[in-house]
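Asks: Sequence and predicted model, in that order:
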Amino acid sequence: MPIIVALITGPLMWLLYRFDKRNTEQHGKSMDLLKDIHDDVEEVKDRLSDHIDWHLHDQKPTRVRKVK
């Protein structure tokens, strides 16, 4: 009986390990993408704050905008 259990669970555990490995790789890629989105949102937030200050206080923005 233990041999039958080993023959069934061995390949099953190998398959589950492969799915876990793929999930870890996808998680890493997703985290990199979220960091890029966070950086872009921060840049827009800074630019918007400068623009609002310009309207409220009639002052030019203190930062120089990067041209892409």
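Replies: Perfect, I can see it now. Given the structure is predicted, the values throughout are model-derived calculations rather than measurements.
Asks: drop to CA atoms for contacts and neighbour counts, all remaining ones
Replies: OK.
Asks: Residue 50: neighbour count?
Replies: 17 (other C-alpha atoms under 10 Å).
Asks: Which helix or strand contains it?
Replies: helix 2-57 (DSSP states H and E).
Asks: Centre of the chain to that helix, how far?
Replies: 5 Å (C-alpha atoms, centre = their mean, to the nearest Å).
Asks: so for it, what's the average pLDDT?
Replies: Regarding helix 2-57, the rounded mean pLDDT is 88.
Asks: Could you list every helix and strand in contact with it?
Replies: If contacts are counted by 3 or more C-alpha pairs under 8 Å, 6 or more residues apart in numbering; DSSP states H and E, helix 2-57 sits against no helix or strand.
Asks: what residue lies at the spatial centre of the protein?
Replies: By C-alpha atoms, centre = their mean, the chain has its centre lying nearest to residue 34, at 2.3 Å.
Asks: And it, how far from residue 27?
Replies: 10 Å (C-alpha to C-alpha, to the nearest Å).
Asks: One more: residue 49?
Replies: 33 Å.
Asks: and what of residue 17?
Replies: Counting by C-alpha to C-alpha - residue 17 and residue 27 are separated by 15 Å.
Asks: count of residues packed around residue 47?
Replies: Around residue 47 there are 16 residues (other C-alpha under 10 Å).
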